[in-house]
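A.B. asks: quick one: sequence plus predicted model below, questions after.
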Amino acid sequence: MTPEVLAYWLAGICPPAVTWILNMTLRGRAALLSSAADSALLFLVFDGTAAISIRDLVCNTPNEAVRALLPPVVPALIFVSMAIWMIIVRWLEPRMAAGAKSAQGRFRQILCFLTMWWLVIFNAYGHYFLFAKAFHVA
């Protein structure tokens, strides 16, 4: 097995498998209920895969300024995506799932729902801005 083939399999299989196991271990049955946490986890897997194959990503980035910026930024994106996922899983999801027995409880559920998706959209915009600029050559 060549180093390239090994890197391909490690980058393609390990991050999704490890994050899926982590997701199911930490969240259990709740992992099947929230798409915001799953969307945040998608960005975490993408960042992990990009970090593992950073050399290929940098080689195929046409924008010189972004090419120099990718090696330090991609690992930082892992921590941002992990923090967003943990905030959703540990604080927002449990509060949203607690149920609403009053109007104030229902308002808190809606607020948690909107906050979860705001965090996911914030993360998506950061990724879009970085990678759209990376592949846009002016």
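C.D. replies: The structure has been received and is ready for your questions.
A.B. asks: for the lowest-mean-pLDDT helix or strand in the chain, buried residues please.
C.D. replies: In the chain, no helix or strand scores lower on mean pLDDT, DSSP states H and E than helix 3-27, which sits at a mean of 74. Of the residues in helix 3-27, those with enough neighbours to count as buried (16 or more other CB atoms under 10 Å) are 11, 15, 16, 19, 23, 27. For every residue, glycine as well, the C-beta is placed using N, CA and C.
A.B. asks: same list, these, but as TSV with distance to residue 89 please.
C.D. replies: Supplementary listing: these in TSV, determined by distance: CB to CB, whole Å:
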residue	distance to residue 89
11	24
15	18
16	17
19	12
23	8
27	6
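A.B. asks: of those, closest to residue 106?
C.D. replies: residue 27 (23.4 Å; CB to CB).
A.B. asks: which strands and helices lie in contact with the least confident helix or strand of the chain?
C.D. replies: When contacts are defined as 3 or more CB pairs under 8 Å, 6 or more residues apart in numbering; DSSP states H and E, helix 3-27 packs onto helix 35-52.
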